[in-house]
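Q: coordinates only, no sequence provided:
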């Protein structure tokens, strides 16, 4: 099975293209942010970038050098790009999931050094709604901390929440924590903020996590939607070991894909 490289001729209508990028493994450096900001509509954060038009060089360089996930929406057609480090064995398994529907849908793969980039072309169901979040970045939450006292009344007759008392309560949460293993740290300090509230980026994050762990089974949803069952030359990948209902990522992918367009 051929490993498809990026199509250098890729282009879409400037007036109808929108891009979302997400850095999963690590945030961008200041120099990375500066490089990306030349193309963005709003200032990128260390984790996110959004664009509403095509840009010089295309998305390939950004997903190769800076980001781990991208989706492009061009007139209702989507391109997903998922980048991660993959072993030779993982790449070999991914090859069995590559296909081209002949109607601009399918799965291809590009290799950039040790980095593997899976490229998925598809359409989303008309009723699939992507929650556009407020572009918040979990690495920048200082405003949430600073806003903690906005509602404190100045009236001396009212009961006040003193900042020092509030800080003492904050410190008290660590009093019973185990210094060695942090076994007793309260649960709310162990919860990680989600990288994004954008539902499509979140789903692609979950799909990427599966791929990183060597699980390609969710890609079968794209085959079931777009692959030609009557093509005698098309060798289908193995059917997933677990039923679709047991794989929420696969189930959500199957529900969002549109066949007829």
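A: That came in fine, so what should we check first? The shown structure was predicted, so the numbers you read here are calculated from the model rather than taken from an experiment.
Q: what about the helices in the protein?
A: For the chain, applying DSSP state H gives helices covering 30-36, 59-65, 88-95, 142-146, 163-172, 187-190, 199-212, 220-226, 248-256.
Q: which residues does the second one contact?
A: Counting by Cβ atoms under 8 Å, 6 or more residues apart in numbering, helix 59-65 makes contact with 6, 10, 19, 21, 32, 36, 39, 49, 69-70, 72, 79, 81, 83, 110, 112, 115, 117, all of which sit outside it. Every residue, glycine included, has its C-beta placed from N, CA and C.
Q: in the stretch 101-250 of the chain, which spans are strands?
A: Along the stretch 101-250 of the chain, counting by DSSP state E, counting those that start in this stretch, strands occupy 106-112, 115-123.
Q: quick one, the first one and strand 115-123 angle?
A: Strand 106-112 and strand 115-123 are oriented at 160 degrees to each other (axes from the mean of the first three to the mean of the last three Cα atoms, to 10 degrees).
Q: adjacent strands (with direction) for strand 106-112?
A: strand 99-100 (antiparallel), strand 115-123 (antiparallel) (DSSP bridges).
Q: including mean neighbour count, could those strands go into CSV?
A: Below are those laid out as CSV (neighbours: other Cβ atoms under 10 Å):
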stretch, mean neighbour count
strand 99-100, 20
strand 115-123, 21
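Q: any chance of the ones you listed in JSON lines, with distance to residue 196 too?
A: Output for these, formatted as JSON lines (distance: least, Cβ to Cβ, whole Å):
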{"stretch": "strand 99-100", "distance to residue 196": "29"}
{"stretch": "strand 115-123", "distance to residue 196": "18"}
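Q: please produce TSV containing those strands, extended by mean pLDDT and distance to residue 54.
A: As requested, the strands paired with strand 106-112 are exported to TSV (pLDDT from 0 to 100; distance: least, Cβ to Cβ, whole Å):
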stretch	mean pLDDT	distance to residue 54
strand 99-100	95	23
strand 115-123	96	16
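Q: and of these, who's closest to residue 93?
A: The closest of the strands paired with strand 106-112 to residue 93 is strand 115-123. By Cβ to Cβ, the value is 11.1 Å.
Q: so which residues make contact with that closest one?
A: With contact meaning Cβ under 8 Å, 6+ apart, strand 115-123 is reached by 4, 6, 63-64, 76-86, 90-91, 94, 104-111, 211, 219, 222, 225-226, 257-259, 261.
Q: do that again at 6 Å, thanks
A: Contacts to strand 115-123, defined as Cβ atoms under 6 Å, 6 or more residues apart in numbering, come from residues 77-83, 86, 91, 104-110, 257-258, 261.
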